[in-house]
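[1] test case, fold it:
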Amino acid sequence: MINEIIGEKVMGLCCDIGHANLAKRDILKDINDVKKNLFAFHLHNNYGYDPKKNVWRSDKHYSLLNGNINIEEILLLLKKINYNKE
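    Next comes the predicted model:
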C-alpha cells in the first residue's frame, strides 16, 4: 500500500532465514512465494528444530556454514530468481 501511495517501490520484505528455520518453514518455497517483494536478507545459520531429540535449538546466529540450513541451496535460488539488491 505504501509503495502505491508513494508511486515507487520503497518497501518490501526482509527474509530472516534463521528465524524461518526455527519456525520449521520451507525456506526455498517461502523465497519463491515472495520473490517479487524481497528487499533484504538476514543471513545466519542455526540448528533450528532437532527432530531426533524432539527439541528446539535457540536462536543462535552462527556463521553461514555452521548449522543445518542449506545455504548453498538458498544462494542458488537467489541467483535463479535474479535477486539483485544492494
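
[2] contact partners for the residue positioned nearest the centre of the chain?
    Centroid check for the chain by CA atoms, centre = their mean gives I17 as the closest residue, at 3.2 Å. The contact partners of I17, taken as CB atoms under 8 Å, 6 or more residues apart in numbering, are 27, 41-45, 69, 74. C-beta: built from backbone N, CA, C; applies to glycine.

[3] mind listing what's buried in the longest helix belonging to the chain?
    The residue-count maximum for a helix in the chain (DSSP state H) belongs to helix 71-80. Residues of helix 71-80 classed as buried: 71, 74, 77-78 (neighbour count, 16 or more other CB atoms under 10 Å).

[4] cool, and stretch 7-22?
    For stretch 7-22, a neighbour-count test (16+ other CB under 10 Å) marks 15-18, 20-22 as buried.

[5] same deal with stretch 28-47?
    Neighbour count says stretch 28-47 has 30-31, 35, 38, 41, 43-47 buried, by 16+ other CB under 10 Å.

[6] make CSV from those and add distance to N82 to it.
    Formatted as CSV, those follow (distance: CB to CB, whole Å):
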residue, distance to N82
D30, 17
I31, 12
K35, 9
L38, 11
F41, 14
L43, 18
H44, 23
N45, 24
N46, 27
Y47, 30
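
[7] and the furthest pair within the residues you listed?
    K35 and Y47 (26.4 Å; CB to CB).

[8] helices along the chain, start to end?
    2-6, 17-22, 27-34, 71-80.

[9] just for this protein, where's the confidence low?
    Applying pLDDT under 70 to the chain flags residues 1-3, 86.

[10] my read is that Y83 contacts N37, right?
    No: Y83 is not in contact with N37 according to CB atoms under 8 Å; the separation is 11.4 Å.

[11] still on that earlier bit, can you list the helices of the chain in a markdown table and add distance to K52?
    Converted to a markdown table, the helices of the chain look like this (distance: least, CB to CB, whole Å):
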| stretch | distance to K52 |
| --- | --- |
| helix 2-6 | 44 |
| helix 17-22 | 16 |
| helix 27-34 | 20 |
| helix 71-80 | 21 |
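
[12] what's the most distant pair in the buried residues of stretch 7-22?
    Farthest pair in those (CB to CB) is C15 and L22. Separation: 13.5 Å.
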